[in-house]
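In: Sequence first, then the predicted structure, then my questions.
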Amino acid sequence: MSTGALLQSQLIQKAWQDPTFKSKLLSDPKGTIQEFLGISLPDHIKVRTVEENADEFYLVLPPNPSSVLEANVQPQAMWNS
């Protein structure tokens with residue numbers, strides 16, 4: 001499991017167990033994640049939290065790699081704590 005998937009799993013588990021945390025995660029996802037994980041997310045990173053219902057499915061499409069110009073490509077780095 002990747003680090004990102006592990007962190008996402010931890011956030012989901014906490015939201016299932018703690019209604020207050022879930023509410024905060026929905027209203028202020030970036031601040032809540034930073035507080036829970038003890039990390040600082042860069043200003044350019046935006047976080048959006050949505051809650052699926054039993055009759056919904058969300059599919060997240062990543063950016064098309066062919067539309068990224070070489071000049072805009074920067075090394076991927078882990079979020080620093």
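Out: Great, that's in hand.
In: Now the longest helix belonging to the chain: average pLDDT?
Out: Identified as the longest helix of the chain according to DSSP state H is helix 3-17. Averaged across helix 3-17, pLDDT comes to 91.
In: got a list of what the residue positioned nearest the centre of the chain touches?
Out: Closest residue to the average C-alpha location of the chain: Val47 at 5.5 Å, with C-alpha atoms, centre = their mean. The neighbours of Val47, taking C-beta atoms under 8 Å, 6 or more residues apart in numbering as the test, are 29-30, 33, 41. C-beta: built from backbone N, CA, C; applies to glycine.
In: So what does it look like in phi/psi?
Out: phi -120, psi 130 (degrees, to the nearest 10).
In: same check, this time on Ile45
Out: With angles defined as degrees, to the nearest 10, Ile45 sits at phi -80, psi 120.
In: Likewise for Asp43?
Out: Note on Asp43: backbone dihedrals following degrees, to the nearest 10 are phi -60, psi -30.
In: Save the contacts of Val47 as TSV, and put in pLDDT too.
Out: Formatted as TSV, the contacts of Val47 follow (pLDDT from 0 to 100):
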residue	pLDDT
Pro29	95
Lys30	95
Ile33	94
Leu41	89
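In: List buried residues within the residues you listed.
Out: The neighbour-count test (16 or more other C-beta atoms under 10 Å) applied to those identifies 29, 33, 41 as buried.
In: That's all I had, so thanks and see you.
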